[in-house]
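> Return a 3D structure for these sequence lines:
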Amino acid sequence: MNKRTCTVLATAVAVALTLGTTGCSSGKRSSDGRKGKNPATANLGAVIGGTPKKGGTLTVLSHQDFTHLDPARNWTMSDMEFGTRLLYRTLVTYKAAPGAEGGELVPDLATDLGTPSNGAKTWTFRLKKGIRYEDGTPVTAQDVKYNVERSFSPDLYGGADYAARYLKGAEGYRGPADGEHLDSIKTPDDRTIVFELRKPFAEFANATVMPTFAPVPKKRDTGPRYDSRPFSSGPYKIQTYQRNKKLVLVRNPHWDPKTDGIRKAYPDKLVMVMGLKHNQIDDRMIASQGADASAVSWYALRPESGVKVLPNAAVRKRLLAESTNCTDMVQMHTGRAPFDDMKVRQAVQYALDKEIVVNSSGGPAFNNASTAYMPATLFDGKQPDTLKIPVTGDVDKAKELLKQAGKPGGFTTKMTVSNGDKGRAEAIQQALGKAGIKVTIETVDPAAFYTTIGDTTNRTDMVYTGWCPDYPSGSTFLPFVFDGRHIKEKGNTGNHSLFRDKATMRRMDEIAAMTDAGKAAEAWRELDGEILAKAPAVPVLVRRWPLVVGTNIAGAYGQTSFGGQLDYASVGLKDPSKSEG
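Predicted coordinates for the structure are as follows:
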């Protein structure tokens, strides 16, 4: 983003709202990114549009396809929310409610949150009666076991790896294709499933929110093709799915709301239209004309659209902007030169002007510059600033570090980003260039992004990506981003810096063994700062997830446990007769 764009955005919003500077100048800011009230957050914790009425068609406008819908592979926040709220159920899930209430863990397939025994190394879940697939056959404990096992298959990479990290005897397991099964998952009957862990894990119930713990009947498994047609145990089933074009969901006639206290399933049909231009979607949602009044957008507003939304009181009433609770990072390949040199990585830390990246992302109304890896929710509401690097960076310090590393003139490198992050990448490119670090940007379609950067042999030396805690614990953040023992050649997730630091991994094991949750939380916070000093990655910002919904939308709120995405468990229409499709 160039300087003129920054000035236009800041000035337009500031003048329209008389709220003062929005962030193109430096200085201290309040926790919501402004001096004063943030206009983007007026609907935090609220439900837009009242209670929906049953029926009609909800349209979802998208510029992209899903990364994965196969529950064994689905591990991005928006895709997980869509899959687990509409298509398949997991052992436990999050309450369908706005604000902090949406972080409450509740039973889903299971009758409760699981029963630990053997010092939290054994976990037992009982399934509810009456849960059926779209063909009327019952969901069984064996189906949950089967999906957990298939998540180990080499051709089904990309999914949550809690099972691989914690299940006893999982080392070297490659899925059930050859008739091999995990003895650490027992199903004594059709409604009981028992997990034997290799070490105590008091948070295991939280992990069973993941789509990995959804059921897949073996006879319906089609391997990699299951991504295009997962078999429904939720309120909707797939009628048609044309990749990158259109997805149509209709009701699963065998879903019984008496077994499901989470999903309301208000619309009769959901239609996702893909391949639209991002600016086109924003403009259509803001205008909310005709059929678009009954539509929602899949992805967050583009940064440039902030000036069309924030000054307009009528549109702001339809704006959701929950925090993603995710940290965007520049991750550097620590196993390759020049990023195998800590001083080079530290030079990137100092050269990066986070303020221009924040402004390229829509300004401080929609973003906060990040001073730690873990988001503020894992630090009791406020990230620490252990390095004390100015938000605008320190180019002189960066040049000094490069000189110490034997690169006084800087160097040339490449960075891979998702198409939607191109503006942020250009801001990073501009900032690093001032220190002599010349960055070439390679953009990738969002649906292929994680596959591309997960190929550790062929990827670029820098990537711009992020991480979200799966639940409020440091154990679901730092180990996934910086534990080198779980790096994969293909399908690598989280640790895109390929950081293999023995002291860090040893400390992670020590913290994981702590039985005092408070002491463990503090230890994770301290470790965050210790890793930050070694600079495998640079934390950049924490975004909000701004969404404008149509005027005929009801029951809309951002689900805080799924990165601020619209909660499809509860959304519907004010007047179903006005919808089309």
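> Could you pick out the longest strand of this structure?
In the chain, with assignment by DSSP state E, the single longest strand is strand 319-332.
> What average pLDDT does it get?
Taken as a whole, strand 319-332 carries a mean pLDDT of 97.
> what comes up buried for the very next helix or strand once past that strand?
From strand 319-332 onward toward the C-terminus, using DSSP states H and E, the following helix or strand is helix 342-351. By 16 or more other C-beta atoms under 10 Å, the buried positions in helix 342-351 come out as 343, 344, 345, 346, 347, 348, 349, 350, 351. (Glycine included, C-beta is placed from N, CA and C.)
> Dump these into TSV; add pLDDT as well.
Formatted as TSV, the buried residues of helix 342-351 follow (pLDDT from 0 to 100):
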residue	pLDDT
343	98
344	98
345	98
346	98
347	98
348	98
349	98
350	98
351	98
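> Could you single out the nearest of those residues to residue 402?
residue 347 (4.8 Å; C-beta to C-beta).
> what about the strands in the stretch 151-300 of the chain?
185-189, 192-196, 236-242, 246-251, 269-273, 295-297 (DSSP state E, counting those that start in this stretch).
> Comparing those strands, which comes out most buried?
Highest mean neighbour count of the strands of the stretch 151-300 of the chain: strand 295-297, a mean of 25 (counted as mean count of other C-beta atoms under 10 Å).
> Strand partners (parallel or antiparallel) of that one?
strand 57-61 (parallel) (DSSP bridges).
> show me where the stretch 51-200 of the chain has helices.
77-82, 141-150, 162-166 (DSSP state H, counting those that start in this stretch).
> Which residues does the second one contact?
So the one you mean is helix 141-150. 71-72, 91, 109, 125, 127, 156, 163, 167, 173, 175-176, 181-182, 185, 187, 189-193, 212-218, 221 (C-beta atoms under 8 Å, 6 or more residues apart in numbering).
> cool, the shortest one as well?
Residues outside helix 162-166 that contact it (C-beta under 8 Å, 6+ apart): 148, 151-152, 170, 173, 197-199, 201, 204, 207, 210, 212, 479, 486.
> quick one, the longest strand of the chain and helix 342-351 angle?
150 degrees (axes from the mean of the first three to the mean of the last three C-alpha atoms, to 10 degrees).
> Sketch out the helices for the stretch 401-550 of the chain, chain order is fine.
422-433, 446-453, 478-482, 502-512, 517-534.
> I'd like a version of those helices in TSV, one that adds mean pLDDT, distance to residue 378 and mean neighbour count as further columns.
Converted to TSV, the helices of the stretch 401-550 of the chain look like this (pLDDT from 0 to 100; distance: least, C-beta to C-beta, whole Å; neighbours: other C-beta atoms under 10 Å):
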stretch	mean pLDDT	distance to residue 378	mean neighbour count
helix 422-433	97	23	21
helix 446-453	93	23	19
helix 478-482	97	9	24
helix 502-512	96	13	15
helix 517-534	97	7	17
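> now for those, which one comes closest to residue 114?
Of the helices of the stretch 401-550 of the chain, nearest to residue 114 by C-beta to C-beta is helix 517-534, at 17.1 Å.
> how distant is that closest one from the center of its chain?
A distance of 22 Å separates the centroid of the chain from that of helix 517-534, by C-alpha atoms, centre = their mean, to the nearest Å.
> How about stretch 364-383?
15 Å.
> same check, this time on stretch 52-61
The answer for stretch 52-61 is 24 Å, by C-alpha atoms, centre = their mean.
> Next, the distance between the ends of it.
20 Å (C-alpha to C-alpha, to the nearest Å).
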